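Enquirer: below: sequence and its predicted model.
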Amino acid sequence: AQTVTQSQPEMSVQEAETVTLSCTYDTSESDYYLFWYKQPPSRQMILVIRQEAYKQQNATENRFSVNFQKAAKSFSLKISDSQLGDAAMYFCAYRAITSGTYKYIFGTGTRLKVLA
Amino acid sequence: GAGVSQSPRYKVAKRGQDVALRCDPISGHVSLFWYQQALGQGPEFLTYFQNEAQLDKSGLPSDRFFAERPEGSVSTLKIQRTQQEDSAVYLCASSLDRSYEQYFGPGTRLTVT
């Protein structure tokens, strides 16, 4: 069974600095998607960035980028120039491509605090 | 257009009561997912619909949980004889089709007292 692990329950970063959130996963599949979602106190899950496993190039979205290491099954999120609005829970998620339901499997989340 | 909406946003139920949680997906989205998010945890899959067909209900924790999507649009998650362990946020997500990105609603926070 696939699993997703986020080993950092909480992280803090100074405004305008850079922070990296870690995520590891386990799967026997060769093709899949990985996601980072942001969940502010309003509870609305917002997609931050997506990575297709068959693409070697790391995905980037403005200040957000990932370091995808397929062999190591690692998928970390880097947030550059952190802003107060980045404070939220961040969830790493896995989704299979070829099998079954296409349900998301989430990690337990990392709470990011941004210090002014 | 409008995103995924859920109602009610908050629900307090006494133990043993039945509750019904509603999800309105994005118009035209074929796939619909329900997740349960316990306090301090990540969301966990409950069930999945493709149009009106419930193709996977492997995540439903007990036979007290029942979901339906009779016309392939709005979905209802029903919990019978609620227990304290049912207290959680229930998230609904929809996607254009099952292989596409899922869009989440704001969730319903259920508290069972």
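Expert: Perfect, thanks for sending it. Residues are numbered from 1 along each chain as shown, chains lettered A, B, ... in the order given.
Enquirer: A:F75 against A:S65, yeah?
Expert: No. The criterion here is CB atoms under 8 Å, and A:F75 misses it with A:S65 at 11.5 Å. Any C-beta I mention is one placed from the backbone N, CA and C, and that applies to glycine too.
Enquirer: ok, A:P40 - contacts?
Expert: Residues near A:P40 by CB atoms under 8 Å, 6 or more residues apart in numbering or on different chains: A:I46, A:A87, A:A88, A:M89.
Enquirer: just the closest of those residues to chain B, please.
Expert: A:I46 (8.0 Å; CB to the nearest CB).
Enquirer: I'd assumed A:Y37 was in contact with that closest one.
Expert: Yes. When contacts are counted by CB under 8 Å, A:I46 is listed as touching A:Y37 (6.4 Å).
Enquirer: more neighbours: which of these two?
Expert: A direct count of neighbours by other CB atoms under 10 Å in any protein chain shown for A:I46 and A:Y37 places A:Y37 higher, at 24 against 13.
Enquirer: tell me the secondary structure at that one.
Expert: Under DSSP: H, G, I helix; E, B strand; the rest coil, A:Y37 falls in the strand class.
Enquirer: so can I have a markdown table of the contacts of A:P40 showing pLDDT?
Expert: What follows is these, written out as a markdown table (pLDDT from 0 to 100):
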| residue | pLDDT |
| --- | --- |
| A:I46 | 92 |
| A:A87 | 96 |
| A:A88 | 96 |
| A:M89 | 97 |
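Enquirer: hey, what's residue 95 bridged with?
Expert: Because you didn't say which chain, this covers chain A. Counting by DSSP bridges, A:R95 is bridged to A:Y33, A:Y104.
Enquirer: switch to chain B, please.
Expert: Assigned bridge partners for B:S95, using DSSP bridges, are B:S31.
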